[in-house]
Structures are given as C-alpha cells and as structure tokens.
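> pasting the structure only:
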C-alpha cells in the first residue's frame, strides 16, 4: 500500500472555507488531509499522532482555543516546534500579521474573498509548500527517541 506523500492538518471551523481548502488540496494525488475545527482538537491530534503532518493550515478565529494560542503552544513545544504552520485568516491587520510572526508562524495568508482567488491561492500554496519547499518528516517514535 502506498503511503501519502504529504499529510496536512487543516484547522478551520468555517465549513465553507474548509471546503474550499480541502477541495483544492485533495486534487493533488497522494495528499492526506486531516481536518479539525477547534484549537484544542488540533493540539490533541498533534500530540497523539504517530506521524506528524508535514504541514498545518491554521485559522485564527477558532472556538475553544484561538489560533494564536494554538500557534504559541506548537512553537514552544520541542516535539512540535519544527512543524510548518501556515496561518490563514480573513484579517489583513498588520497587528495580526505581526503577532503571528512573533509567535513563529511560517507564513501568514489572508483568505481571498472570491472562489477564483481562493483557487489561485491554493495553487500557489501547493506549488510552494508541497512542491518546492523541503518539509521535515518526523514520527512519534523518532521524536521519542531523540528525548533519551
């Protein structure tokens, strides 16, 4: 059985935005997309995963635990901090952008308003992060061994 070449964790509570992202990303062969809609579920998923995803797409406005809190916990956890996190938000506020980069987001994208622009953004995201960028691969087993 072939394993997916790329695993992505999508943290998005808006069903429409989640559909746009998942529809675009699942057009790519060998992509496994995990989706959660709450910040606490995202952290639970990451901490229980045998194999961490290669990439995380994180919305800021989430119930239970917002994206800033999730990002902060990921980037201060030695076992998770290497995970590339792309923040995707409707906000283009300079304060939000700066806050995310100060929390060590790997990228900040403002969600487009149209379907066409969303498709274009997802294509660009896919090309950069899934084709050109080198992503770390880390399983729970190898992470546990590095702690010894």
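Happy to help now that I have it. Remember, predicted model here, so these are calculated numbers, not experimental data. Residues are numbered from 1 along each chain as shown.
> Would you map the helices across the protein?
15-25, 39-48, 67-75, 94-102, 115-125, 140-146 (DSSP state H).
> Let me have those in a markdown table, extended by mean neighbour count.
Every residue, glycine included, has its C-beta placed from N, CA and C. Shown next, in a markdown table, are the helices of the chain (neighbours: other C-beta atoms under 10 Å):
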| stretch | mean neighbour count |
| --- | --- |
| helix 15-25 | 16 |
| helix 39-48 | 18 |
| helix 67-75 | 21 |
| helix 94-102 | 14 |
| helix 115-125 | 14 |
| helix 140-146 | 11 |
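> Looking at those, which is nearest to residue 134?
Closest approach to residue 134 among these (C-beta to C-beta): helix 115-125, 15.8 Å.
> What residues are bridge-paired with the residue positioned nearest the centre of the chain?
Residue closest to the average C-alpha location in the chain (C-alpha atoms, centre = their mean): residue 56, at 1.5 Å. With DSSP bridges applied, residue 56 shows beta-bridge pairing to residue 9, residue 85.
> close enough to count as contact, it and residue 82?
No: between residue 56 and residue 82 there is no contact, the gap being 11.3 Å when judged by C-beta atoms under 8 Å.
> pull the helix or strand with minimum mean pLDDT from the protein.
Across the helices and strands of the chain, mean pLDDT, DSSP states H and E gives its lowest value to helix 140-146, namely a mean of 43.
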